[in-house]
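Asker: coordinates only, sequence not included:
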């Protein structure tokens, strides 16, 4: 059975997830490796999400550093599990998104796939989003087709929720094309606020949010953003939801305790997920959660409370570790590209048709 490696670096910028899968009649996770993002690289990648001085040269240097990190991780993973580069058919590399503006006709992921091929000796497939955007789509989310392949044979109406920097839903119903869209912020505002206030990269288990009280006036103000009033296909990113966006709203309101802001941001994430799910698929029986948000106990508890008629659990319930679903997805997307299999879903992205996604850099 062919082996593929997926490399995922998400909007949370916490690190690189590397997953090795075996692709046959089933998708089997063979090995994984996580590499924390160095603080200097994380800071630079975050700064590249907005316009700045000399950004073309800076992005070129940053992606060289990102590729070096990814290549080191891939070599380590292969050595740990006694594989050689020639054993791997391809690497599916998402790269790092620094701009995502499909309304303006573009999405940008940096990751220098040519350099990654040179440094690993393995064929690399990358740039998965551009073809869908060229076909009039959002270019995101791309994981619903993979979620359907992984969880589609189970009975009943299911939804798969990925909570990374942003949250996105995949809606799976028997005899219907998979649907999906971005719901809004996942961890991005929670991470930004706790980093500003306490110097921490994330709110472990949602403990700080749990210590605060939801402020209805702030919550209603945040919920008034036009993004939440639209229906899918839709996607979003740091161009819309960021620390400046939050601070702009806070500046027009009374001063709140920092932990109350965190509690309100968690409620924003939970409510926008639940409202999106209930609007698009009100008969959801099972909600499977993956991504870093699956470890936020306060958020998981809140989603469970808001969805009393739905069984809420992590994807681990179905035998798939929630930390590795997205990296597995990009390994699978590499497989689809090499096999000429369309991997976008117009019902998700709004593209004008099915497209084979990815650009191939042969070893």
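Answerer: Everything's here; your move. Here the structure is a predicted model, which means the values were calculated and not measured.
Asker: tell me the contacts of residue 245?
Answerer: For residue 245, the contacting residues are residue 225, by Cβ atoms under 8 Å, 6 or more residues apart in numbering. Every C-beta, even on glycine, is put in place using the N, C-alpha and C of the backbone.
Asker: what score does it have for pLDDT?
Answerer: Note on residue 245: pLDDT of 97.
Asker: check which element follows the host helix or strand of it along the chain.
Answerer: Following DSSP states H and E, one finds residue 245 within helix 243-250. Per DSSP H and E, the first helix or strand lying C-terminal to helix 243-250 is helix 258-280.
Asker: and that next one, average pLDDT?
Answerer: Averaging pLDDT along helix 258-280 gives 97.
Asker: excluding chain neighbours, what is closest to residue 198?
Answerer: Nearest residue to residue 198, sequence neighbours excluded (Cβ to Cβ, 6 or more residues apart in numbering): residue 208, at 7.4 Å.
Asker: any idea how far residue 269 is from the one you found?
Answerer: Distance of residue 208 to residue 269, given as Cβ to Cβ, to the nearest Å: 14 Å.
Asker: of those two, who's got more company?
Answerer: residue 269 (28 against 22; other Cβ atoms under 10 Å).
Asker: the helix holding residue 245 versus helix 258-280: what angle between them?
Answerer: Interaxial angle, helix 243-250 versus helix 258-280 (axes from the mean of the first three to the mean of the last three Cα atoms, to 10 degrees): 100 degrees.
Asker: show me what residue 19 is bridged to.
Answerer: For residue 19, the beta-bridge partners are residue 6, residue 32 (DSSP bridges).
Asker: so which bits of the host helix or strand of residue 132 are buried?
Answerer: Using DSSP H and E, residue 132 maps to helix 130-134. Across helix 130-134, burial judged by 16 or more other Cβ atoms under 10 Å covers 130, 131, 132, 133.
Asker: list the contacts of stretch 46-55.
Answerer: Contacts for stretch 46-55 (Cβ under 8 Å, 6+ apart): 13, 58, 59, 62, 98, 99, 110, 237, 238, 239, 242.
Asker: among those, which one sits closest to residue 204?
Answerer: Residue 204 lies nearest to residue 13 out of these, by Cβ to Cβ, at 16.8 Å.
Asker: what about that closest one, which helix or strand?
Answerer: Here residue 13 is assigned to no helix or strand, by DSSP H and E.
Asker: what's the neighbour count on the residue nearest to it when sequence neighbours are not counted?
Answerer: Distance criterion Cβ to Cβ, 6+ apart; nearest residue to residue 13, sequence neighbours excluded, is residue 42 at 4.9 Å. Neighbour count for residue 42, taken as other Cβ under 10 Å: 16.
Asker: so residue 42 sits in a helix?
Answerer: Yes: Residue 42: assigned to a helix according to DSSP: H, G, I helix; E, B strand; the rest coil.
Asker: surely it touches residue 12?
Answerer: No: look at residue 42 against residue 12 with Cβ atoms under 8 Å: they stay out of range, at 9.6 Å.
Asker: give me the next element, helix or strand, following the helix or strand hosting residue 64.
Answerer: Taking DSSP H and E as the criterion, residue 64 maps to helix 55-80. Following helix 55-80 in sequence order, the next helix or strand is strand 88-101 (DSSP H and E).
Asker: that next one packs against which elements?
Answerer: On a contact count with 3 or more Cβ pairs under 8 Å, 6 or more residues apart in numbering; DSSP states H and E, strand 88-101 meets strand 3-9, helix 55-80, strand 106-110, helix 113-120, strand 124-126, helix 325-339.
Asker: quick one, that strand and strand 3-9 angle?
Answerer: Using the same axes, to 10 degrees: strand 88-101 against strand 3-9 is 20 degrees.
Asker: list the buried residues in strand 88-101.
Answerer: Buried residues in strand 88-101 (16+ other Cβ under 10 Å): 88-100.
Asker: no further queries at this time; thank you.
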